[in-house]
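**Q** mind folding the following:
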Amino acid sequence: MTWTVDRKKVLITGGTDGIGKVTALELAKRGAHVIIIGRNPQKTEQTVREIREQSDNPRVDFLIADLSEQEQVRRVAAEYRHRYDQLHVLINNAGAFFAKRELTADGLEKTFALNHLAYFLLTHLLLDLLTKSAPARIINVSSAAHFGGKINFDDLNAEKSYSGWGAYSNSKLMNVLFTYELARRLQGSGVTVNCLHPGFVATQFGKNNGGLIGLGLSLVQRVGAISPEQGAETTLYLATSPEVEGITGRYFDQKKAVESSKISQDEETARRLWEVSLELTGMKEKTA
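**A** As a prediction, the model looks like this:
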């Protein structure tokens, strides 16, 4: 049977803005039962109303959580499981750039916590549902910024030195490493895992920093960025296309599987990051 998202359950993190919102709308138009996770209750509710109206699809729901905090990731995963008994597509899309080093309630550097550990923890907490619902797809939104990333296991929390772009690039490298390692562990389960570079997209990205940094990002985006609609194309392709059925553990750019950075393909680094992530999220080893 050819893959279709019609009536399939799709969970999207960061679904109230930018490419997440466009992805949610387009999937709703194609008949999917879309559930978005947002941080702001009013904004998330308003987004869902808009998507329902524009897609003419009443099956659009929402959950509220700040995914940088592990307690909230656990709560939202439990809420999802309480409300739904299937999950066919998980799109880990929520992410942010922090110019200054900030800590979460868990004492973790915020870029690392939100951009990597939230992907890792939420996926783990919903993995059995995905496996039960197979064929299923996990899509991790990474970035070409991962080419500038490196993994310093002695300073994952960026206590010794911090750069906003450095932390962001490192977290996007972690997305790729996580994708490849998870794909290896899910071989034969019917669940595929891929990641992607959406392009340099004009969104609210980075505006949380305010001041000159937020203004600078706005100006750069106006000059060189593509639209959120263009930025969502590869995510939508991975979620909907029958062409990628059975394809797993790949990095996509402009709807094509391409080579990711050399370090992202290092299996030892991926395994070590997996072990550290299990430890930092308090998860026991889980396989499908």
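**Q** can you give me the strands in the stretch 101-250 of the chain?
**A** Applying DSSP state E, counting those that start in this stretch to the stretch 101-250 of the chain gives strands spanning 136-141, 191-197, 250-253.
**Q** partners of the second one in the sheet?
**A** Which is strand 191-197. The pairing partners recorded for strand 191-197 under DSSP bridges are strand 136-141 (parallel), strand 250-253 (parallel).
**Q** would you format those strands as a markdown table with distance to Asn194, mean pLDDT and mean neighbour count included?
**A** C-beta coordinates here come from the backbone N, C-alpha and C atoms, glycine included. Below are the strands paired with strand 191-197 laid out as a markdown table (distance: least, C-beta to C-beta, whole Å; pLDDT from 0 to 100; neighbours: other C-beta atoms under 10 Å):
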| stretch | distance to Asn194 | mean pLDDT | mean neighbour count |
| --- | --- | --- | --- |
| strand 136-141 | 6 | 98 | 26 |
| strand 250-253 | 5 | 98 | 21 |
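**Q** now those in CSV, with distance to Ile36?
**A** Below are the strands paired with strand 191-197 laid out as CSV (distance: least, C-beta to C-beta, whole Å):
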stretch, distance to Ile36
strand 136-141, 14
strand 250-253, 22
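**Q** among these, which is nearest Glu259?
**A** strand 250-253 (7.4 Å; C-beta to C-beta).
**Q** helices and strands around the next helix or strand after the closest one, which ones?
**A** The first helix or strand that comes after strand 250-253 along the chain, using DSSP states H and E, is strand 256-258. Applying 3 or more C-beta pairs under 8 Å, 6 or more residues apart in numbering; DSSP states H and E, we find strand 256-258 packed against strand 250-253.
**Q** tabulate the CA atom coordinates of the host helix or strand of Ser277 in PDB.
**A** Using DSSP H and E, Ser277 sits within helix 267-281. Provided in PDB are the C-alpha atoms of helix 267-281 (Å, rounded to 0.1, in the frame of the first residue of the first chain):
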ATOM      1  CA  GLU A 267      29.700   6.000  14.700                       C
ATOM      2  CA  GLU A 268      31.800   6.100  17.900                       C
ATOM      3  CA  THR A 269      30.900   9.700  18.500                       C
ATOM      4  CA  ALA A 270      27.200   8.900  17.800                       C
ATOM      5  CA  ARG A 271      27.300   6.000  20.300                       C
ATOM      6  CA  ARG A 272      29.000   8.100  23.000                       C
ATOM      7  CA  LEU A 273      26.500  11.000  22.500                       C
ATOM      8  CA  TRP A 274      23.700   8.500  22.800                       C
ATOM      9  CA  GLU A 275      25.000   7.200  26.100                       C
ATOM     10  CA  VAL A 276      25.600  10.700  27.500                       C
ATOM     11  CA  SER A 277      22.100  11.700  26.400                       C
ATOM     12  CA  LEU A 278      20.500   8.700  28.100                       C
ATOM     13  CA  GLU A 279      22.300   9.700  31.300                       C
ATOM     14  CA  LEU A 280      21.300  13.300  31.100                       C
ATOM     15  CA  THR A 281      17.700  12.500  30.500                       C
END
